[in-house]
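**Student:** Sequence and computational prediction follow.
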Amino acid sequence: MARIGQRSGAAATAMLGLGVYRPERVVTNAEICEVLDSSDEWIRTRSGIRTRRYAGEGETLVAMATRAARGALEASGVGVDEIGTVIVATSTHTQHSPAAAPLVAHELGSRAASFDMSAGCAGFCHALSVGSDLVRSGNASHVLVIGVEMLSRFLDPTDRGTAFIFGDGAGAVVVGQSDEPGIGPVAWGSDGSQSHVIRQEPGCEHVDADHPMAVRMEGTAVFRWAPFAMADVAREAVAEAGLTMSDLDAFIPHQANMRITETLVRNLKLPDGIAIARDIQDSGNTSAASVPLAIEAMLRHGEAKPGDTALLIAFGAGLSYASQVVTLPATAGVSASVAG
Ligand SMILES: CC(C)(COP(=O)(O)OP(=O)(O)OC[C@H]1O[C@@H](n2cnc3c(N)ncnc32)[C@H](O)[C@@H]1OP(=O)(O)O)[C@@H](O)C(=O)NCCC(=O)NCCS
């Protein structure tokens, strides 16, 4: 029998650079409440959200992903010709075919292997793990990992369980070889028995006529599940990295809801002084984009710095979840409206 050759790749990988794109338009709770039967006070206390951003004309999903990717390339100093794979994590690209990733690669001037990943709000942490493994296997020297969402097109503005939660945006990192490991082993899994808890379904008269699906969510079920089950997953990621909670500089969970973050922080018994991501205040829940956007916000505000050790965890539709310890990358701060 012929023996098939296999590649071998980098001994260690890391995120080499980060870029983000935040849409121009800031949407306040007051604007949401022009249609939704709710109040600014209720939204702030139940979710922590003050504002979110919605994509406008020209800020397509592919355009936002491309802007974030350019930022990541700039921050990493990696040329587009060095990218071997482009992975786009999203649940709001409006077509199954073509996927968003080849379109983003084309915009960047790349012919790299390109594909989308659908793991709901956990998409970025899934894609980061796969990207790291592609470099470690030798199948790519550098991978662009992008999380991008345009949830505003999938919202029923009258739905009290979802209309105020979600927002739009994009974040991207370049993954490549590094001297020291900067992306720890992933702790991940799924529970399809709860697939109905967060879902897109047709038949909503209020959403964009071109994309007649609306996100529906059983918020209480998510709230019962995430802060407890995800604490175990986060502990597993830290243990798999050979670390303890006291080794962490920052905790950067998916920006689902401020109360979920606060409960997770309590359940994990994180040490005093650890920086906690709270980008949900100004971004809402941007699903697959939320973790890279939250990293960027922490770096920009000086709450964390490149080189810090951070615990990432993301969870959502599926239900799916993924967590890993990482070394934070540098950022170019490329967003047009990054300081917003
Ligand atoms: C969505 C969420 C904020 C709703 O909060 P909740 O406390 O569970 O709300 P409930 O549905 O139990 O309703 C509690 C009360 O608030 C009211 N309410 C519900 N939604 C409301 C809204 N948008 N505005 C104002 N009042 C609202 C209800 O009518 C109810 O009133 P009552 O006590 O007089 O009957 C909450 O379940 C949540 O945050 N879940 C997690 C969702 C999440 O993070 N998803 C991301 C997944 S990736």
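**Tutor:** Thanks, I have the structure now.
**Student:** Spatially nearest residue to Lys151, not counting backbone neighbours?
**Tutor:** Actually, residue 151 is Leu. It isn't Lys. Phe166 (3.8 Å; CB to CB, 6 or more residues apart in numbering). In short, each C-beta sits where N, CA and C put it, glycine included.
**Student:** What is the neighbour count of the one you found?
**Tutor:** 25 (other CB atoms under 10 Å).
**Student:** Also Gly273?
**Tutor:** 7.
**Student:** helix/strand/coil for it?
**Tutor:** coil (DSSP: H, G, I helix; E, B strand; the rest coil).
**Student:** ok, it to the ligand distance?
**Tutor:** If you measure Gly273 against the ligand using CB to the nearest ligand atom, to the nearest Å, the figure is 26 Å.
**Student:** give me every residue that touches the residue nearest to Leu151.
**Tutor:** Phe166 sits next to Arg52, Glu149, Leu151, Ser152, Phe154, Leu155, Val215, Gly284, Asn285, Thr286, Ser287 when contact means CB atoms under 8 Å, 6 or more residues apart in numbering.
**Student:** do you know how far it is from Ala289?
**Tutor:** 11 Å (CB to CB, to the nearest Å).
**Student:** joint contacts of these two?
**Tutor:** Glu149.
**Student:** Might you report the residue contacts of Ala310?
**Tutor:** With CB under 8 Å, 6+ apart, Ala310 has these contacts: Leu248, Asp249, Ala250, Phe251, Ile252, Ile295, Ala304, Val325, Val326, Thr327, Leu328.
**Student:** Just those: which are in strands?
**Tutor:** Using DSSP state E, the subset of these located in strands is Ala250, Phe251, Ile252, Val325, Val326, Thr327.
**Student:** So which of those is surrounded by the most neighbours?
**Tutor:** Busiest of the ones in strands among the contacts of Ala310 [other CB under 10 Å] is Ile252, holding 28 neighbours.
**Student:** Please enumerate the strands of the stretch 101-250 of the chain.
**Tutor:** 113-117, 142-150, 168-177, 187-190, 198-202, 213-217, 250-253 (DSSP state E, counting those that start in this stretch).
**Student:** Does Val27 touch Thr51 like I think?
**Tutor:** Yes - between Val27 and Thr51 a contact is recorded at 6.3 Å, counting by CB atoms under 8 Å.
**Student:** And for the residue of the stretch 1-150 of the chain found nearest the ligand, the neighbour number?
**Tutor:** Nearest to the ligand, among the residues of the stretch 1-150 of the chain, is Ser38, at 3.1 Å (CB to the nearest ligand atom). Neighbour count of Ser38, defined by other CB under 10 Å: 15.
**Student:** is it true that it touches Ile32?
**Tutor:** Yes - contact criterion CB under 8 Å: Ser38 and Ile32 qualify, at 7.1 Å.
**Student:** what is in contact with these two at once?
**Tutor:** Ala163, Phe164.
**Student:** picking up where we left off before, specify the beta-bridge partners of the residue nearest to Leu151.
**Tutor:** On the basis of DSSP bridges, Phe166 is bridged to Asn285.
**Student:** What distance do you get for it to the ligand?
**Tutor:** 8 Å.
**Student:** For whichever residue of the stretch 201-340 of the chain sits closest to the ligand, which non-adjacent residue is closest in space?
**Tutor:** Nearest residue of the stretch 201-340 of the chain to the ligand, counting by CB to the nearest ligand atom: Gly219, 2.7 Å away. In this structure, Gly219 finds its nearest non-sequential neighbour in Gly161, 4.9 Å apart by CB to CB, 6+ apart.
**Student:** Any chance of the backbone angles for the one you found?
**Tutor:** Backbone torsions for Gly161, taken as degrees, to the nearest 10, come to phi -90, psi -10.
**Student:** ditto for Gly19
**Tutor:** Taking degrees, to the nearest 10 as the convention, Gly19 sits at phi -140, psi 150.
**Student:** what about it, neighbour count?
**Tutor:** Count around Gly19 with other CB under 10 Å applied: 31.
**Student:** How about the one 10 residues further on?
**Tutor:** By other CB under 10 Å, the residues close to Asn29 number 20.
**Student:** Report the beta-bridge partners for the residue lying closest to Gly182 once chain neighbours are set aside.
**Tutor:** Closest residue in space to Gly182, ignoring its immediate chain neighbours: Ala14 at 2.6 Å, by CB to CB, 6+ apart. Beta bridges link Ala14 to Gly176, judged by DSSP bridges.
**Student:** Surely Ala14 is in contact with Glu180?
**Tutor:** Yes - the pair Ala14 / Glu180 is scored as a contact, 7.3 Å apart, by CB under 8 Å.
**Student:** Now do the shared contacts for those two.
**Tutor:** Jointly contacting Ala14 and Glu180 under the rule CB under 8 Å, 6+ apart are Thr327.
**Student:** near the ligand, which residues of the chain show up?
**Tutor:** Within reach of the ligand by CB under 6 Å from any ligand atom, the chain has these residues: 38, 42, 46-47, 121, 160-161, 164, 198, 217, 219-220, 222-223, 256-257, 260, 285, 316.
**Student:** Provide a PyMOL selection command restricted to the buried entries of the residues you listed.
**Tutor:** To isolate the buried members of the residues of the chain next to the ligand in PyMOL, using 16 or more other CB atoms under 10 Å:
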select buried, resi 46+47+121+164+198+217+219+222+223+256+257+260+285+316
